[in-house]
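In: Next input, structure requested:
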Amino acid sequence: MIYEVKVEKKSIDSENSRGSGISCPDGTVPIRRTTKEDLIRQKSSVRPQDYDPFSSKDPNTYYAVLKLKKLDRPYIFAKGSLNCQNPKADSGEASGAQIWVYGGDGNYISAGWMVNLDLYGDYLTRFTAFWKDQETKNWWLATGKDLVPIGHWPKELFSHLGNGASYIAYGGITKAVPTRVTPPMGSGIADSNFYHTAYFQHIQYKTDPNILETPLWSQTEIHVDCPNVYTVQHPCKIKPKGPNFAFMYGGTPGVC
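Out: Now for the predicted structure:
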């Protein structure tokens, strides 16, 4: 399954973004009531800082990401398509793919799909997407193929994201248990066949509200933990529909 993350420069109807039967105050994201089972699972789930590929201090979390370098102007928009996978990740483990947007002073937001038994209580793959609203400078969260708006993080929550992000990154993440092999990342296959592996494509960004740009490879950096197990392969040649920028990532279970 492939999902595309994109944004149109228009206002979002806050009433329609709340769903049916539930009303939430402006500037909030609806959150399911916490159960006793949730609290038990959360004791062993990873912390938000463990999902940062460039400053995480957790030695058992691994990344394979492509980063768009910092430009003269901040990023205000990020777009990409990714295929949804369901890698096997047992208790204590996690595996997923994310898009990260970074400000300064440790400010970042990430969104994507993930399998995390300890956090969600099942082996299902969860998918989310985000965008930045140019009018309000808030960061919006949406889900599903039709990008149904869920809510937004007010810009006041962040000290360095209100005017845009310093850089953005795309890629895979796994959380491992030290006594076991690492879980698969992406499809669990790391070869050169685009139809076997996990990938991102149609990656684009904005630093100007009216100009949608496709990055150059010279604008990117690769960050891979445990390169004997995980990989990022680029450039990736496929049959594009319009401007395309794609790369593959992932890997099989292994020892790091």
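
In: can you list the weak-confidence ranges in the stretch 1-150 of the chain?
Out: Within the stretch 1-150 of the chain, the stretches with pLDDT under 70 are 1-57, 106, 127-136, 142-147.

In: what about the helices in it?
Out: Using DSSP state H, counting those that start in this stretch, the helices of the stretch 1-150 of the chain run over residues 36-42, 117-120.

In: could you say what helices and strands the shortest one packs with?
Out: Contact analysis of helix 117-120 by 3 or more Cβ pairs under 8 Å, 6 or more residues apart in numbering; DSSP states H and E lists helix 36-42 as its packing neighbours. The way it works is simple: take the backbone N, C-alpha and C, and place the C-beta from them, glycine included.

In: 6 Å instead?
Out: With contacts taken as 3 or more Cβ pairs under 6 Å, 6 or more residues apart in numbering; DSSP states H and E, helix 117-120 sits against no other helix or strand.

In: what's across from the closest residue in space to Ser192 that isn't next to it in sequence in the sheet?
Out: Once flanking residues are discounted, Ser192 sits nearest to Gln233: 6.6 Å by Cβ to Cβ, 6 or more residues apart in numbering. Assessed by DSSP bridges, Gln233 has beta-bridge partners Met248.

In: Thr220 now?
Out: According to DSSP bridges, beta-bridge pairing links Thr220 with Leu68.

In: and it, how many residues sit next to it?
Out: 19 (other Cβ atoms under 10 Å).

In: Would you mind listing the buried residues in stretch 177-192?
Out: Thr182, Pro183, Pro184, Met185, Gly186, Ser187, Gly188, Ile189, Ala190 (16 or more other Cβ atoms under 10 Å).

In: Alpha carbons of it, as CSV, please.
Out: Only the C-alpha atoms of stretch 177-192 are listed here, as CSV (Å, rounded to 0.1, in the frame of the first residue of the first chain):
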residue,chain,number,x,y,z
VAL,A,177,16.5,-6.1,22.3
PRO,A,178,20.3,-6.6,23.2
THR,A,179,19.9,-10.3,23.6
ARG,A,180,18.2,-10.9,20.3
VAL,A,181,19.0,-10.1,16.6
THR,A,182,17.7,-6.8,15.4
PRO,A,183,14.2,-6.8,13.9
PRO,A,184,13.7,-6.4,10.1
MET,A,185,13.5,-2.8,8.8
GLY,A,186,11.0,-1.9,6.0
SER,A,187,10.1,-5.0,4.0
GLY,A,188,12.9,-7.0,5.6
ILE,A,189,14.7,-7.2,2.2
ALA,A,190,17.6,-5.1,1.2
ASP,A,191,18.3,-5.7,-2.5
SER,A,192,18.2,-3.5,-5.6
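
In: What mean pLDDT does that stretch get?
Out: When pLDDT is averaged over stretch 177-192, the result is 92.

In: which residues touch that stretch?
Out: With Cβ atoms under 6 Å, 6 or more residues apart in numbering as the test, stretch 177-192 has contacts from 60, 85, 87, 89, 92-93, 95, 172, 174, 176, 196-198, 229-231, 249-256.

In: Among the buried residues of stretch 177-192, which one lies nearest to Ile76?
Out: Gly186 (28.2 Å; Cβ to Cβ).

In: Name the single longest strand found in the protein.
Out: strand 198-208 (DSSP state E).

In: Check which element follows it along the chain.
Out: strand 211-213 (DSSP states H and E).
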